[in-house]
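Asker: Sequence and predicted structure, then a few things I'm wondering about:
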Amino acid sequence: MSSDVTGPGDTPPGPGPDADGPDPDPGAAPPPSGVTPSGVTPADPSVFDVSVLDTSGTSVPDGSGSSGVSVAGGTSVAGVGGLDIDPVEVALPDVTAPPATGGIALGARAAGRAVAVLDRPSRTDPIVRQASNVVGGPAGRRMALGRARFGPGGGLLWITMVLTLLAGLTLGLALVEKQHCRNEGWNSPDQFWHACYSDIPVLYGSAGLGRHDAPSLVSVLGPGGLGQPPLAGAAMWVMSRAVGGGEGAGPARTFFDASAVLLAAALAVAVAAIAAASRRRPWDAAHVALSPVLVTGGLISYDLLAVAFLSLALLAWSRRQPLLGGLLLGLGIATRPVVSVVILAVLVLAVRTGRSRPFLLFALPAVLAWLAVRLVLIQGWSAGLPDALKTWRASGAGYGSLWLVPHLVAQSQPDKLKVWGVLEHVWYRGSGLGPTTTTMCMVVALVLVGLATVFLGLAVVDRPRLAHLALFAVGGTLLVTKSVPVQAGLVLLPLIALAGLRWRDHLIWATTELVYFVGVWLYIAAGSDPNKGLPATVYMIMMLARDGGILWIMTRAVKAMRDPLADPVRVPVDGSAGVDDPHGGGFEGSPDALVIRLV
């Protein structure tokens, strides 16, 4: 196998023209020479050919039938994947619009639509369709138009309000999940047995934020302080000053409740930002508002602040405001550093399109905002970076990390029974990976994740959407870091929503997160009572299952990158006009400048 690099003028090889679709418009431009390896064959470069929607053996009528989706121009699209889709008028772009040159048609963005049709997940997603029976069944066709300001058929404002309220209810369930500790206090090992542990009240007490001689902001962000990223630590310190001092269970509970209100506001901002960035798919923000992961990890730490900053950054980027998006992403990096991986995804798309200006306007402000936060909050011109690097290098593998597996294997050594035979003599009995080895392994793994991201971004036939590429990169980074806390998966929610993944895939991943949530607390509690706690073997299995859930989400992103037919944003199930990349910012509709082809 060898690879070569092709320019924007090269045409990838492919089979002959698609003979199963409707007859082309005699007045339209001639079709391309062949079907791309992804299977997308536009009859005209400015629109998607609706014939490619037939992905599961469903017949596509030629316009003479009475069922399906009525498309302007006389084409009718039958239901896809067995879903019952009501006839909805969809005005496709004018075929005389100038063609897009980025490999994917701009669809409605290029020429506009007469009717603003909103995606209805209760009609196109099987899981949502089943769940909609609770509220009366799937949405009718009039609800898709979004013409009303309020009510069930309302548009973006109404949908945002509904999802914001639902997000508050979901985070309320997280508060209920912590109710035992709210009543009895966050004490060990009781907080682990009841799975109600939270960094928020624990750090409030351990760092002395409630004492009359509480440490200063500089102290809590320095060595031996809260151990949080600078902006998250500063938010905790400010909140502790706002609620007042005091020691004991009462003040800690007050601090926790006030933090819950702050995090609920951050979640509402994230939901609104994702809904606004999703254009005709605002209901995708439900992936942020209703995720089960919010119940288990939403109130453990201040990670929802990073989710809000990331969502706002992606919204600004999608509105072609890279400078503002970069500043917001920099604040997110100062809250949770893992969101910085989004910059890599933007860089890969910049290389593919040959457009460096949007990338520079996005990346430089992000780095400067992150450094500015550190310089303002952390004492010294070095902004605490040498101390942070030293601490990171000296740390070993933490809970949830793949690099903890050797230690767990050593702990899982079976009893000396004859049934084990030779395993008694070859079983690993070491102490696990040391800090230096863990650091080296993590660096190598991060490089591999980065290379895989670059390869995917440059090798797939059609330019990948930013949400898919960033989801792959952030998920891969979480897999190889030294510690993957319970709440780490929260940063994936905005990317899952913008990627347009099905709820089935979301729930598969969320189930593994829920399993790990139970396992990690019982494993930690086993230190106080091994007879009641979880053994290392079972915890390792649960941890690997969680990693498998993250890998599942990554594979769904890869599938959508390789095959646009699997991407409901580019090829909508309801027959509406697809768009190139509604979150692509300055790269949307851009032609390819550098593509790697495997031959």
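Answerer: Received it, and whenever you're ready, just let me know what you need. Numbering: from 1, shown residues only.
Asker: Show me the domain layout of this structure.
Answerer: According to automatic domain parsing, the chain comprises the domains 8-117, 162-566.
Asker: Format these as TSV; extra columns: distance to residue 582 and mean neighbour count.
Answerer: Where you see a C-beta, it was placed from the backbone N, CA and C, and this is true even at glycine. Supplementary listing: those in TSV, determined by distance: least, CB to CB, whole Å; neighbours: other CB atoms under 10 Å:
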stretch	distance to residue 582	mean neighbour count
domain 8-117	8	17
domain 162-566	5	20
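Asker: could you dump those domains to CSV with mean pLDDT and distance to residue 132?
Answerer: Below are the domains of the chain laid out as CSV (pLDDT from 0 to 100; distance: least, CB to CB, whole Å):
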stretch, mean pLDDT, distance to residue 132
domain 8-117, 37, 12
domain 162-566, 91, 11
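Asker: Make CSV out of those domains and add distance to residue 598.
Answerer: Putting the domains of the chain into CSV (distance: least, CB to CB, whole Å) gives the following:
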stretch, distance to residue 598
domain 8-117, 10
domain 162-566, 7
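Asker: And the strands in the protein?
Answerer: Here the chain has its strands, by DSSP state E, at 3-6, 69-71, 75-77, 595-598.
Asker: what is the mean pLDDT for the first one?
Answerer: Just to be clear, that refers to strand 3-6. Confidence for strand 3-6, expressed as mean pLDDT, is 44.
Asker: Check which helices and strands the lengthiest helix in the chain sits against.
Answerer: When the chain is parsed with DSSP state H, its longest helix is helix 249-277. Here helix 249-277 is seen to pack against helix 156-177, helix 179-184, helix 199-206, helix 230-243, helix 286-289, helix 303-318, helix 493-499 when contacts are counted using 3 or more CB pairs under 8 Å, 6 or more residues apart in numbering; DSSP states H and E.
Asker: what sits up against the first one?
Answerer: By that I understand helix 156-177. 118, 146, 148-151, 182, 195-196, 260, 263-264, 267-268, 271-272, 275-276, 282-283, 285-286, 288-291, 294-296, 298-299 (CB atoms under 8 Å, 6 or more residues apart in numbering).
Asker: what's the nearest residue to residue 233 if we skip its chain neighbours?
Answerer: In space, and not counting its chain neighbours, residue 233 is closest to residue 226: 4.5 Å by CB to CB, 6 or more residues apart in numbering.
Asker: need the contact list for the nearest residue to residue 371 once chain neighbours are set aside.
Answerer: Spatial nearest neighbour of residue 371, excluding adjacent residues (CB to CB, 6+ apart): residue 383 at 6.4 Å. Residue 383 makes contacts with 371, 374-375, as judged by CB under 8 Å, 6+ apart.
Asker: how much space between residue 383 and residue 230?
Answerer: Taking CB to CB, to the nearest Å as the measure, residue 383 falls 8 Å from residue 230.
Asker: intersection of neighbour lists for those two?
Answerer: In terms of CB under 8 Å, 6+ apart, residue 383 and residue 230 are both contacted by the residues residue 374.
Asker: per-residue confidence for the residue lying closest to residue 503 once chain neighbours are set aside?
Answerer: Computed as CB to CB, 6+ apart, the closest residue to residue 503 that is not its neighbour in sequence is residue 127, at 3.9 Å. Note on residue 127: pLDDT of 80.
Asker: What residues does residue 508 make contact with?
Answerer: 549, 552.
Asker: How about the one 5 residues further on?
Answerer: Under the criterion of CB under 8 Å, 6+ apart, the neighbours of residue 513 are 292-293, 296-297, 486, 489, 546, 549.
Asker: Quickly note the distance from the closest residue to residue 586 other than its chain neighbours to residue 323.
Answerer: Spatial nearest neighbour of residue 586, excluding adjacent residues (CB to CB, 6+ apart): residue 358 at 3.3 Å. Counting by CB to CB, the gap between residue 358 and residue 323 amounts to 10 Å.
Asker: Surely residue 393 is in contact with residue 438?
Answerer: No: Residue 393 lies out of contact with residue 438 (CB atoms under 8 Å); the separation is 9.5 Å.
Asker: ok, back up a step: the residue nearest to residue 586 against residue 587, yeah?
Answerer: Yes: Residue 358 is within contact range of residue 587, at 6.6 Å (criterion: CB under 8 Å).
Asker: what do the two both touch?
Answerer: The contact lists of residue 358 and residue 587 share residue 350, where a contact means CB under 8 Å, 6+ apart.
Asker: Now residue 188: phi and psi?
Answerer: For residue 188, the backbone dihedrals (degrees, to the nearest 10) come out as phi -90, psi 140.
Asker: Nearest to residue 363, out of the contacts of residue 513: which one, please.
Answerer: residue 489 (24.9 Å; CB to CB).
Asker: show me what contacts the closest one?
Answerer: Contacts for residue 489 were tallied using CB under 8 Å, 6+ apart; they are 293, 297, 478, 509, 513, 550.
Asker: how much space is there between the third one and residue 445?
Answerer: Think residue 478. For residue 478, the distance to residue 445 equals 11 Å [CB to CB].
Asker: same thing with the last one?
Answerer: For residue 550, the distance to residue 445 under the criterion CB to CB works out to 14 Å.
Asker: any shared contact partners between these two?
Answerer: Common neighbours of residue 550 and residue 445 (CB under 8 Å, 6+ apart) are residue 479.
Asker: gap between residue 265 and residue 168?
Answerer: Separation of residue 265 from residue 168 (CB to CB): 10 Å.
Asker: Likewise for residue 522?
Answerer: Distance from residue 522 to residue 168, by CB to CB: 30 Å.
Asker: same check, this time on residue 406
Answerer: Distance of residue 406 to residue 168, given as CB to CB: 43 Å.
Asker: Ok, residue 364 next?
Answerer: Separation of residue 364 from residue 168 (CB to CB): 36 Å.
Asker: again, but for residue 482
Answerer: On the measure of CB to CB, residue 482 and residue 168 end up 34 Å apart.
Asker: so residue 186 makes contact with residue 192?
Answerer: No: taking CB under 8 Å as the definition, residue 186 is not a contact partner of residue 192, at 10.2 Å.
Asker: Distance from the chain centre to the longest helix of the chain, please.
Answerer: 19 Å (CA atoms, centre = their mean, to the nearest Å).
Asker: how big is the angle separating it from helix 199-206?
Answerer: Angular relation of helix 249-277 and helix 199-206 on a 0 to 180 degree scale: 140 degrees, by axes from the mean of the first three to the mean of the last three CA atoms, to 10 degrees.
Asker: ok, now which ones touch the nearest residue in space to residue 377 that is not next to it in sequence?
Answerer: Spatial nearest neighbour of residue 377, chain neighbours left out: residue 230 (4.6 Å); criterion: CB to CB, 6+ apart. For residue 230, the contacting residues are 221, 334, 373-374, 377-378, 384, by CB under 8 Å, 6+ apart.
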